[in-house]
Each structure stands twice: as C-alpha cells, then as structure tokens.
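In: quick one, fold the following:
(one chain, ligands or ions: 2)
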Amino acid sequence: AVTLWARSPDTAAEMAKTRENKERLPGIELPESVTVTSDPEELLKADTILLSMPAQTVRAFVESHRDRLDGTTLVACCKGIDLETLTGAAGTVAESLPGAVPAVLTGPSFAADIARGLPTALTLACARPEEAIRLQESLSTPCLRLYRTSDVVGAELGGALKNVIAIACGACIGKGYGVSARAALMTRGFAEMQRLAAHRGADPVTLMGLSGFGDLTLTCTSDMSRNYRFGLAWGAGEDFDTSATVEGVKTAQAVARLSREQGIDMPITRLVADVVDGEIDISDALGQLLSRPLKEE
Ligand SMILES: NC(=O)C1=CN([C@@H]2O[C@H](COP(=O)(O)OP(=O)(O)OC[C@H]3O[C@@H](n4cnc5c(N)ncnc54)[C@H](O)[C@@H]3O)[C@@H](O)[C@H]2O)C=CC1
Ligand SMILES: O=C(CO)COP(=O)(O)O
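Out: Ligands and ions are numbered 1, 2, ... in the order given. The predicted model follows:
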C-alpha cells in the first residue's frame, strides 16, 4: 500500500476527492492503490518513506518529525545541498536520525514523464546491501528501471551538482552564446562535479552513470527543467516564476562555499553563485571563464 502524505489538510482533502494534484501534475489520475492523508501519525505506519520535497526544507521536516521517522528507511528524492549544513538529504538523515536508514533515489527523470508511465532509468543508492536490494525490487516497475549502488554520497552529489551546471547552460543559451558553448560548459561542469565528488569520497564511476552524466545531459538540454529554464530567463534578462523550485540557486551558494573552504577548483559553480549573489553579471562571468589560464584538459 502507498500513502501520499501532504502537509496541508486542504490539499490532501482536495487530492483525495479529485484523485489529482491539479497544481503539480494536472491531468494525471492518482492510482486507486494510493491513499492521501495529512495526518502525521500515518508516518509511523510506514517502513519506507520517500522524501519528495525541496532540499532546503528536508532538515526542518526531519527535525520536526524526528520521533515518527527514526527507525524507518528514508529515501531522499531531492537534489540539492543544504545551505547551512552543506550536506545532502541523506547526509541530513544520517546526522539527525541515527536509527534511520538513509537511501537516495535519483537520476534523469521528470515527474511528468514518470507519472505518464514513460520509460525511465534511475539510480537507487543505499549503503546496506540487503536494504538496497529490497528498495530496488519494491520501487521498480515495468517502466521504471532502478540500478543499485552502495555509493550514497556519489548518487546524492550527482543529482545536486548538475542543477547548478544546468543553470549555467540555460544562461549560455539565453544569452545567445550557442550550443557549442553549452557543450563546453556541460563537459567542464562535469569535470568540476567529479572533482568535488572525489574529494567527498564518492566512487568516480557513480558520476559517470545515471546520477551524474545521465542527469546532467537531461537537465542541461531540456526546457522541461526548471533549472535550465531559470538559466534561460537569466541569460535573456527575463523574469522567472519565483514560486518554482529551482534547486540549483541555493545549491550553487552551498557548493561555492564548500569549494572555497576545501580548496576545490569549481569555476563554473562559483560564478553561478557570484551571479546569484549579485556580485557579477552573466557577461562578466563568461569573460572570466574564458580568460582563465590555459591548461591541460
Ligand atoms: N519535479 C521533478 O520532475 C523532479 C524533482 N526532483 C527533485 O525533487 C525535489 C522536489 O521537487 P518538486 O517535487 O518538483 O518540488 P515542489 O516544489 O513541487 O515540491 C514538492 C512538495 O514539497 C512540498 N513542500 C514544500 N515545502 C515543504 C516543507 N517546508 N515541508 C514539507 N514539504 C514541503 C510541497 O508542498 C510539494 O508538495 C527537488 O529536490 C527536485 O530537484 C527530482 C527529480 C524530478
Ligand atoms: O532533476 C530533474 C530531472 O532529472 C528535474 O529538473 P528540474 O528540477 O530542473 O526541473
């Protein structure tokens, strides 16, 4: 049985009645097997909970429901780094809930595609081998194929870091710099993602997979992506819907701090953060990337 838990009683009641989330997935009917609730006590009945919320909200959520969540398997579906603690959601779970089992579900996937049953492949990461197999088997469907890894850190970083590069790629296209420049940003962006991941102890192979290369490719080239569209608007000097979840904005600031504090070369991410902070504009950011000293690839 699957229970969809929503914070707001009104939203939960509306979804239970209409069998649809009109705001986020209009036109998709909720399967009959899904029960909708806003009762936090329902969390106690679950053996596995998927955290599908913006990355910056996970820490407060975990802390406010600590007693209901400890002891369960918590699968982070979000893609971002907490601006205060500089950890991903699985890291937050590991730090805050010693009795919980952290896992990550990530990779190239738009919710609208999965909800329509389109073929999708994802990475499922969990450090406990038996739990990883249980999750892989229970979350896979005929259209949703999960690959397993024990590298929680690498899986989590792949999903979070690609959002920052997608903003840069969107800005590049929005500015009119062209698709050759975007390919350069994707490739050099991937190099800096791998540098940070290696520094954090991730397996380099993880980043070559769905969470990393796969998700970077999708997000940097599709205007279904909010991060990419945010970048497009930035580059074109247009406004963007401020209510949309654009994970790469705060993650750029968090990762820029990590990169500075730990001495990791991440020029694209740092420039995205500088533009977010209003320290430079996008044209200057590109000029700075092009004028870096020439080096080996
Ligand atoms: N939408 C997509 O296609 C995909 C999203 N993701 C990731 O999933 C995460 C969530 O993204 P979306 O679902 O698109 O975002 P969203 O903005 O639609 O929010 C998801 C849910 O989180 C809830 N929420 C917001 N603030 C909250 C809080 N303080 N406490 C508890 N719940 C809260 C919202 O009410 C909403 O129901 C992000 O990290 C995103 O990168 C990953 C893959 C695909
Ligand atoms: O993570 C995603 C695709 O894999 C969703 O991308 P956006 O959050 O940019 O919409």
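In: now L146, what's its secondary structure?
Out: Assigned with DSSP: H, G, I helix; E, B strand; the rest coil, L146 falls in the strand class.
In: so who does it touch?
Out: By CB atoms under 8 Å, 6 or more residues apart in numbering, L146 lies in contact with L105, A121, L122, T123, L124, L135, Q136, L139, S140. Every residue, glycine included, has its C-beta placed from N, CA and C.
In: can you tell me who it pairs with across the strands?
Out: Beta-bridge partners recorded for L146 (DSSP bridges): L122.
In: contacting residues around the residue most central in space within the chain?
Out: Within the chain, the residue whose C-alpha comes closest to the C-alpha centroid is K79; the distance, by CA atoms, centre = their mean, is 1.5 Å. Residues in contact with K79 (CB under 8 Å, 6+ apart) are A55, T106, G159, A160, K162, N163, D215, E247, T251.
In: let's see that with 10 Å instead.
Out: Listed by CB atoms under 10 Å, 6 or more residues apart in numbering, the contact set of K79 reads 54-55, 88-89, 104, 106-107, 156-163, 211, 215, 219, 227, 245, 247-248, 251.
In: and the furthest pair within the contacts of L146?
Out: Maximum pairwise distance in these, criterion CB to CB, is 15.2 Å, between A121 and L135.
In: more neighbours: the two, which one.
Out: In this comparison of A121 against L135, neighbours counted by other CB atoms under 10 Å, the higher total goes to L135 at 24 against 16.
In: check what pLDDT that one gets.
Out: In the predicted model, L135 carries a pLDDT score of 98.
In: still on that earlier bit, so which of the contacts of K79 would count as near ligand 1 as well?
Out: The overlap between the contacts of K79 and the neighbours of ligand 1 (CB under 6 Å from any ligand atom) comes to P54, A55, T245, E247.
In: these: which two are farthest apart?
Out: Checking the ones next to ligand 1 among the contacts of K79 against each other with CB to CB, the farthest-apart pair comes out as A55 and T245, at 8.8 Å.
In: give the residues shared as contacts by the two.
Out: Taking CB under 10 Å, 6+ apart as the contact definition, A55 and T245 share the neighbouring residues C78, K79, G80.
In: and ligand 1, which of those reach it?
Out: With CB under 6 Å from any ligand atom as the criterion, the members of those in contact with ligand 1 are C78, K79, G80.
In: mind giving me JSON lines with the residues you listed and columns for pLDDT?
Out: Compiled in JSON lines, these are given as follows (pLDDT from 0 to 100):
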{"residue": "C78", "pLDDT": "98"}
{"residue": "K79", "pLDDT": "98"}
{"residue": "G80", "pLDDT": "98"}
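In: any chance of these in a markdown table with secondary structure as columns?
Out: Formatted as a markdown table, those follow (three-state DSSP):
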| residue | secondary structure |
| --- | --- |
| C78 | coil |
| K79 | coil |
| G80 | coil |
